[in-house]
Every structure is written in structure tokens, then in C-alpha cells.
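In: Give me a 3D structure for the following:
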Amino acid sequence: MILPLPELIECVATGRDPTLSELFHVAGQIWIDGAPDRSAFAWGQLQPLSDDRASAIRLALAAMRGGE
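Out: Residues are numbered from 1 along each chain as shown. This next block holds a predicted model:
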């Protein structure tokens, strides 16, 4: 289920950069929503330097900056 992400909406609407916690929250949600069979707990089990985590963080940052 794709949930609305207020921090994403606020960053895009105001043009501000996300905080680290906002960025990681949105990245985790993007990663979880990217495959319907992923558990909500799976994001926390990824290795810190995994390609999946890095890709989700890059996508979240691009989304939160309005695609700049």
C-alpha cells in the first residue's frame, strides 16, 4: 500500500531539503512500496552500504527536491 508522505509533500511545496530522518523515512517507504512482497521490516535489515539502500536514498532525495 502506498501511503501519503507528508514530509515529501512539504519539501517539494516549500523547496527545502529534507532532514536525514525524513530522507531515510521516504527512502524506506519507496523501497518497501517498490515490491509488494517486501516486509515493512525489510528496510531495517538492509546493509548500510547496499545498492538497494543507496538507490532508494537517491530516489527519495530526487523526489523530495522536486526532481531537480
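
In: Please pull out the lowest mean pLDDT helix or strand from the protein.
Out: helix 42-45 (a mean of 82; mean pLDDT, DSSP states H and E).

In: list the buried ones in that helix?
Out: Buried residues in helix 42-45, counted by 16 or more other Cβ atoms under 10 Å: Trp43. (Glycine included, C-beta is placed from N, CA and C.)

In: Compute the distance from the centre of that helix to the centre of its chain.
Out: Averaging C-alpha positions (Cα atoms, centre = their mean, to the nearest Å) puts helix 42-45 13 Å from its chain's average.

In: Stretch 16-33 now?
Out: 3 Å.

In: Can you name the residues in contact with stretch 34-50?
Out: 27-28, 31-32, 52-53, 56 (Cβ atoms under 8 Å, 6 or more residues apart in numbering).

In: Give me the outermost residue of this structure relative to its centroid.
Out: Distance to the chain centre peaks in the chain at Thr14, reaching 17.9 Å (criterion: Cα atoms, centre = their mean).

In: any idea how far Leu49 is from it?
Out: 31 Å (Cβ to Cβ, to the nearest Å).

In: Could you do Ser55 as well?
Out: Distance from Ser55 to Leu49, by Cβ to Cβ: 12 Å.

In: Poorly predicted segments of this structure, please.
Out: Within the chain, the set of residues satisfying pLDDT under 70 comprises 1-3, 67-68.

In: 90 instead?
Out: Within the chain, the stretches with pLDDT under 90 are 1-5, 8-9, 12, 28-50, 52, 66-68.

In: residue ranges of the strands in it, please?
Out: Using DSSP state E, the chain contains no strands.

In: what residue lies at the spatial centre of it?
Out: Mean-position check on the chain, Cα atoms, centre = their mean. Result Ala27 at 1.6 Å.

In: any idea how far it is from Arg16?
Out: For Ala27, the distance to Arg16 - Cβ to Cβ - is 17 Å.

In: Repeat that for Pro4.
Out: Taken as Cβ to Cβ, the span from Pro4 to Arg16 is 18 Å.

In: who has more neighbours, the two?
Out: Each of Pro4 and Arg16 had its neighbours counted (other Cβ atoms under 10 Å), and the higher figure belongs to Arg16 (12 against 6).
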